[in-house]
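Engineer: Got a sequence here, can you build the structure:
(2 chains)
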Number of protein chains: 2
Amino acid sequence: MTAATPPFPALPPAARVGDPVSAVDTPALLLELDAFERNLDRMQAAADAAGVVLRPHAKAHKCPDISLLQVQRGAVGICCQKISEAYPFVAAGIQDVLISNEPVGPAKAALAAELARHCRLSICVDHASQIADLAAACAAAGSRIELLVEINIGQNRCGVADAPAVLALIERIQAHPEQLRFKGLQAYLGSIQHLRSHEERRAAAAGASERTGAVAKALQAAGVHCEVITGGGSGTVEFDLANGVYTEVQPGSYIGMDMDYGRNEFAGSLRFEHALFLASTLMSQGNGERLVLDAGLKSLAVDSGLPLVWGPDGERLDLVYTSANDEHGILQAQGPDTRRPQLGEQVWLVPGHCDPTFNLHDELVAVRQGRVEALWPIAARGLSR
Amino acid sequence: MTAATPPFPALPPAARVGDPVSAVDTPALLLELDAFERNLDRMQAAADAAGVVLRPHAKAHKCPDISLLQVQRGAVGICCQKISEAYPFVAAGIQDVLISNEPVGPAKAALAAELARHCRLSICVDHASQIADLAAACAAAGSRIELLVEINIGQNRCGVADAPAVLALIERIQAHPEQLRFKGLQAYLGSIQHLRSHEERRAAAAGASERTGAVAKALQAAGVHCEVITGGGSGTVEFDLANGVYTEVQPGSYIGMDMDYGRNEFAGSLRFEHALFLASTLMSQGNGERLVLDAGLKSLAVDSGLPLVWGPDGERLDLVYTSANDEHGILQAQGPDTRRPQLGEQVWLVPGHCDPTFNLHDELVAVRQGRVEALWPIAARGLSR
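Structural biologist: Next up, the predicted model:
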């Protein structure tokens, strides 16, 4: 109760390298390295076997250490969803970035043109004004950007409708040969990733590939070659690799999986493991019957559903996370014989949706066989410009 | 496309003091200062008129600049929900903090005991083990903490059941007079805040107050005086101030309001205005019929619902935000004559739930009459330990 006086203490770290994971202060986002590395290896091997370039999406994790490990294994570079998001990745040594999204306005174009002075940069466009802004910014910065025209293959979000619309934008791009270059097509499958049945997902991915292939064919007939046709994600990558249309795939969530992707039926040979967990602690028992965790909306994204409950030994528990408040989670035991965690005991959660969950945390605690092996900054957290 | 070479550029700021708000790069979290200051003044005046202490909750915004303005107007100090969250507030000069939550385990107790060397600190408990950990940590740090026993008044989350349970914990507290002191009761109304009808909310708040008052009366009969009875929030504060039980109230969201609180019927005299907006930009029109914003799950919490759509002039627009992807929001025009925003045009959104939305952003852009007046760090963002 002394008055506030300098030097005011910095917060001690939540985790230290070498500590047992039980000593990590919670809530803390954990990556199980053994399962994570198996996921990386499987995806790279599948891309190599298919002869398709792997460009993993960094929006899923926002952590440069992860991207560097993917590039070490053979990835060509990364995707980012926003221009600002790419900055810490390029600063960390990533040399080839695709912004899989459309920047609008001179401020974002200037951010992109500056970034292009430090890496090989490609960006998506779906409107002539985006091209004009990027050309002007590159002229000012003395840099060059490669452009992918996004086509709408059913997601009904961004993207132009057909080959004539692509050709109209290519004409605009070709007016700025010093600053811009047409590289190919972006064709994102969106919510198809999350169709639960293997067969439904396969059929929908095949339909999207066909639409993409038809646009590419029409461009070819008009004398335009697409060096790159890029898209796909963790939910459809096994189909995207096989369909002969995509030259490049963009999966992101496969690194650690989440509850939502875990609900997909994966009947094929390419499967990934849960490697991402939120460590929480039982913080209150109320009258002895309640189970209250110290992790809620500020540590877990719930847009795709509530998390699954696991024990620190990596096994699913017979407990259900039934509601999330800002900083609390409520657990319900499923059976009368369910072992109930004790006050102060760690409970691990599989987040509902990994992308916005990573975006809540500044640090990823990388663990192996029960010990903290590394602390990785989630350096692009919050960078949405 | 040159190779990455130092010096690698820092990201330029998203907003600069003095700029028109139209120049702010998006997504950006905005606070309209005129409405915000009216909200602060109204709440302080209401607390003063009732003779009740105002201790606003900082978990709603995590921004020390806001708390300092509340204390300047008469607030006794602040609440935080987590111990780590309080650190930047105390570092910024806040001298009296209540952690309205239970810390569990020696690591969190040590964080609290260190913090108590720099401010007047009170903390909630609902179990003897929390008291033992805090006493040991304070003995080691040479600090002292005041404790509030949390009682469960219907939220069924944390808190003990009744006066005998409170008395049992007070006995534990009194065993450590050098380190700990019993200060009173925490009684949080929880979801009652969000009952839509004024009358339902009034009745539920009255019931919660009665239960709290009954516990305090039973303690009084046992010879224990509660110096402080604290609780309440923005949804019930008009009732909490009037009910004669609470000596202190803890509203947080009233500073800027959100879509969810905006749906409450406020029939009384104490009303607050929307002062919190997320500035976004129309980034794609697809084939000309779609309206795609550059703000989704990574800029807006959607746990309480999707945001309302406003124009930069502070008027609600005839557009509905119908779905959120990670970095995209989809708008639908409501009528055939609805004016549709143009590519590159700013669209303002009223977030569904302010607390987890603030927790996504590192900076609050304070604007007045269309210009950026200040940039306030959201210094406690992500601090959930």
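
Engineer: Roughly how far does A:A14 sit from B:A107?
Structural biologist: According to C-beta to C-beta, to the nearest Å, A:A14 and B:A107 sit 9 Å apart. (Each C-beta comes from the backbone N, C-alpha and C, glycine too.)

Engineer: To what extent is A:P312 buried, counted in neighbours?
Structural biologist: Counted by other C-beta atoms under 10 Å in any protein chain shown, the residues lying close to A:P312 total 19.

Engineer: is it true that it touches A:S22?
Structural biologist: Yes. Counting by C-beta atoms under 8 Å, A:S22 is a contact partner of A:P312 at 6.8 Å.

Engineer: Any idea how many residues pack against A:L121?
Structural biologist: For A:L121, the count of nearby residues is 28 (other C-beta under 10 Å).

Engineer: can you check A:M43 too?
Structural biologist: Look at A:M43: counted by other C-beta under 10 Å, it has 25 neighbours.

Engineer: contacting residues around it?
Structural biologist: Contact partners of A:M43, counting by C-beta atoms under 8 Å, 6 or more residues apart in numbering or on different chains, are A:54, A:56, A:237, A:251, A:254, A:270, A:272.

Engineer: so which residue of the stretch 51-200 of chain A comes closest to chain B?
Structural biologist: Checking the stretch 51-200 of chain A residue by residue against chain B with C-beta to the nearest C-beta singles out A:C158 as nearest, at 4.1 Å.

Engineer: quick one: that residue and B:S284 touch, right?
Structural biologist: Yes. Between A:C158 and B:S284 there is a contact at 4.1 Å, judged by C-beta under 8 Å.

Engineer: Spit out the residues that contact the two alike.
Structural biologist: Counting by C-beta under 8 Å, 6+ apart, the residues touching both A:C158 and B:S284 are A:102, A:126, B:292.

Engineer: neighbour-wise, which of those leads?
Structural biologist: Note: the member of these with the most neighbours is A:D126, at 29 neighbours, neighbours being other C-beta under 10 Å.

Engineer: measure that one to B:M283 for me?
Structural biologist: Here the criterion is C-beta to C-beta. By it, A:D126 lies 9 Å from B:M283.

Engineer: cool, and A:G262?
Structural biologist: Separation of A:G262 from B:M283 (C-beta to C-beta): 31 Å.

Engineer: if you count what's nearby, which of the two comes out ahead?
Structural biologist: B:M283 (26 against 14).

Engineer: Could you look up the next helix or strand downstream of the helix or strand harbouring that one?
Structural biologist: Per DSSP states H and E: B:M283 is located in strand B:276-284. Downstream of strand B:276-284, the first helix or strand assigned by DSSP H and E is strand B:291-293.

Engineer: close to chain A, is that next one?
Structural biologist: Yes. Contact of strand B:291-293 with chain A is found when judged by C-beta under 8 Å from any C-beta of the partner chain, involving B:V292.

Engineer: Other residues contacting that strand?
Structural biologist: Strand B:291-293 is contacted by residues A:157-158, B:280-286, B:319, B:321, B:328-333, B:340-341, B:347, B:349 when judged by C-beta under 8 Å, 6+ apart.

Engineer: I'd like to know how many residues surround the closest residue to A:Q44 other than its chain neighbours.
Structural biologist: Once flanking residues are discounted, A:Q44 sits nearest to A:R73: 4.5 Å by C-beta to C-beta, 6 or more residues apart in numbering or on different chains. For A:R73, the count of nearby residues is 17 (other C-beta under 10 Å).

Engineer: again, but for A:A116
Structural biologist: Residues contacting A:A116 under the criterion other C-beta under 10 Å number 27.

Engineer: go on, the one 3 residues further on?
Structural biologist: For A:C119, the number of neighbouring residues by other C-beta under 10 Å comes to 25.

Engineer: same question, the one 3 residues further on
Structural biologist: Burial of A:S122, expressed as a neighbour count using other C-beta under 10 Å, amounts to 24.

Engineer: A:N359 is in contact with B:S299, isn't it?
Structural biologist: No. Using C-beta under 8 Å, A:N359 makes no contact with B:S299, being 9.3 Å away.

Engineer: neighbour count winner among the two?
Structural biologist: Between A:N359 and B:S299, counted using other C-beta under 10 Å, the more crowded position is B:S299 (30 against 26).

Engineer: okay but that one is in contact with A:R385, surely?
Structural biologist: No. Judged on C-beta under 8 Å, B:S299 makes no contact with A:R385 at a distance of 9.8 Å.

Engineer: any shared contact partners between the two?
Structural biologist: B:P27.
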